[in-house]
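Visitor: What follows is a predicted protein model with its sequence.
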Amino acid sequence: MRLYLDNFLKLLIILWLVFFLFLIYEIFDYIKFNYYLKSLKNKPCKCKKYFENSGYYYKIPNELKEILEFKIKRFLNEKKFIPKYMEINEEIKCLTAFYACIPTIAYKNFCYPSLKYIYIYPHTIIKKHINQNGIIKKEMLISGESIGESVIIAWDEAKRDIFHYQKRNVIIHEFAHELDFEEGIVDGIPVFALNDYEHFKKIFNEAFEKAIKDRIIDNYAYTNKAEFFAVTTEYFFLKPKTLKIHYHELYKEYVKIFKFDPLKEKL
Ligand SMILES: [Zn+2]
């Protein structure tokens, strides 16, 4: 009996020791992470000169500009840019980070946790669908793609969207898909809607059904629910009036989940 108790005590001490070490590790990790965020905050944002040319930056309220700059510094520090068949410079990285962070502007500490790589191509990419026998079934031209840990951007398309300030923006589009991906299933429901999932899903599905009949916004929105979310997110940030007029309830939900009202901010 005595031996049994001794062994039990030893096991208890070892378990406490493991728990204690784990706790120390977690605390150390937390301090390290906070120190990293603080050091980033004090670093100047080298990207500002590039946003100013995009025409969008000055319409963002001052208090959010500061958060946005911090988020961009973090994005550039944590995500790896991979150029494909081209050279990429600071301007390309800064503008990509800028538009990637726009949909998450109100979430200071959100930095696309699943995302690791951003592939930049010079032109639209030919995507081949190959069947089981290795035969090309279909070829599609794409300007971007989002597959969880990586995002692909065709720079000629992104540049046109940025400098001509149209209703579409391939960077916002692909990063809206990332928000959808972060929620777990690619179904048009973004991670920011998880707190009120059922309600958001109901309004979103109703808007999608209405959109299929109306055919008011860009045709690509009707491909499926994931594309509807990505395209309407572009409208929300770039053409908010159009979205609000035609899909008022959805607009209200987007204000809630993005914690931002582009019309109030006069974007
Ligand atoms: Zn898409």
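Guide: Sure thing, it's come through.
Visitor: Wait, a helix at Phe204?
Guide: Yes - assessed by DSSP: H, G, I helix; E, B strand; the rest coil, Phe204 belongs to a helix.
Visitor: how about the residues of this structure near the ion?
Guide: By Cβ under 5 Å from the ion, the part of the chain that sits against the ion consists of Glu227, Ala230. In short, each C-beta sits where N, CA and C put it, glycine included.
Visitor: my guess is Glu249 contacts Ile203, does it?
Guide: Yes - using Cβ atoms under 8 Å, Glu249 makes contact with Ile203 at a distance of 5.1 Å.
Visitor: Of the two, give the one with the bigger neighbour count.
Guide: Ile203 (19 against 13; other Cβ atoms under 10 Å).
Visitor: Quick one: residues contacting the more buried one.
Guide: Glu249, Leu250, Lys252, Glu253 (Cβ atoms under 8 Å, 6 or more residues apart in numbering).
Visitor: what about the third one, which helix or strand?
Guide: With the criterion set as DSSP states H and E, the secondary-structure element containing Lys252 is helix 248-258.
Visitor: Now do that helix: distance to the chain's middle.
Guide: Centroid displacement of helix 248-258 relative to its chain, using Cα atoms, centre = their mean, to the nearest Å, is 17 Å.
Visitor: Would you mind listing the buried residues in that helix?
Guide: Leu250, Tyr251, Glu253, Tyr254, Val255, Lys256, Ile257, Phe258 (16 or more other Cβ atoms under 10 Å).
Visitor: Let me have these in TSV, adding pLDDT as columns.
Guide: Output for those, formatted as TSV (pLDDT from 0 to 100):
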residue	pLDDT
Leu250	97
Tyr251	97
Glu253	97
Tyr254	97
Val255	96
Lys256	96
Ile257	96
Phe258	95
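Visitor: Report the beta-bridge partner residues of Lys127.
Guide: Beta-bridge partners for Lys127, by DSSP bridges, are Met140.
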